[in-house]
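Chemist: What shape does this take:
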Amino acid sequence: MMPPESSPSCRRDRSNLFALRLEIMRYTNPLRAKIVLLSTIRSPFTFTPQDWRLLKAKTLDNLLQETFEYCPTFTDLEGKLTIIASCLDNHRDNTQAADAILKAIKPYYST
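Modeler: The predicted model follows:
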């Protein structure tokens, strides 16, 4: 029998995202993660002054909370991150960031 914390139907608490932030920063550049997340919940990041202002105004926590609201399921998030990573410049770096985000965020979704 699985312990409760590793049960597939359990999900980590989304009210404190410190551990999630730390896990993302462990596997990818936090700026790249913010660009990929912002592009996923808004529109593709185009490196314009307006995009940079918007990115600077958002914390990684803000973007993660908005991502949970925008993508209600892990499957939804996985599809959107995969698509956006391939649409942005620096495809390889963005795919790596998307993979790191997915690995870190999966326990925060119910399965």
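Chemist: Please list all residues in contact with the nearest residue to residue 20 once chain neighbours are set aside.
Modeler: In space, and not counting its chain neighbours, residue 20 is closest to residue 104: 5.8 Å by Cβ to Cβ, 6 or more residues apart in numbering. From N, CA and C alone the C-beta is placed, and that goes for glycine too. The contact partners of residue 104, by Cβ atoms under 8 Å, 6 or more residues apart in numbering, come to 20, 23-24, 26-27.
Chemist: which secondary structure element contains residue 104?
Modeler: In this structure, residue 104 sits in helix 91-105 according to DSSP states H and E.
Chemist: Now do the buried residues in that helix.
Modeler: Of the residues in helix 91-105, those with enough neighbours to count as buried (16 or more other Cβ atoms under 10 Å) are 93-101, 104-105.
Chemist: between the residues you listed, which is nearest residue 48?
Modeler: Using Cβ to Cβ, residue 94 is the member of the buried residues of helix 91-105 that sits closest to residue 48, with 17.3 Å.
Chemist: Report the separation between the closest one and residue 61.
Modeler: 21 Å (Cβ to Cβ, to the nearest Å).
Chemist: pLDDT weak spots in this protein?
Modeler: Per-residue confidence for the chain (pLDDT under 70) gives these ranges: 1-10, 111.
Chemist: any idea where the helices of it begin and end?
Modeler: Defined through DSSP state H, the helices belonging to the chain, from first to last, are 18-27, 30-41, 49-57, 60-70, 74-87, 91-105.
Chemist: what's the angle from the fourth one to helix 30-41?
Modeler: When axes from the mean of the first three to the mean of the last three Cα atoms, to 10 degrees is applied, the directions of helix 60-70 and helix 30-41 differ by 30 degrees.
Chemist: With just CA atoms, put stretch 20-37 into CSV.
Modeler: C-alpha atoms of stretch 20-37 as CSV (Å, rounded to 0.1, in the frame of the first residue of the first chain):
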residue,chain,number,x,y,z
LEU,A,20,8.2,24.3,-6.5
ARG,A,21,10.2,27.4,-7.2
LEU,A,22,13.3,25.8,-5.8
GLU,A,23,12.8,22.7,-7.9
ILE,A,24,12.3,24.7,-11.1
MET,A,25,15.4,26.8,-10.4
ARG,A,26,17.4,23.6,-9.7
TYR,A,27,16.8,22.3,-13.3
THR,A,28,16.5,25.4,-15.4
ASN,A,29,17.2,29.1,-15.6
PRO,A,30,14.5,31.0,-13.7
LEU,A,31,14.3,33.7,-16.3
ARG,A,32,13.8,31.1,-19.1
ALA,A,33,11.1,29.5,-16.9
LYS,A,34,9.3,32.8,-16.5
ILE,A,35,9.5,33.4,-20.3
VAL,A,36,8.0,30.0,-21.0
LEU,A,37,5.3,30.3,-18.4
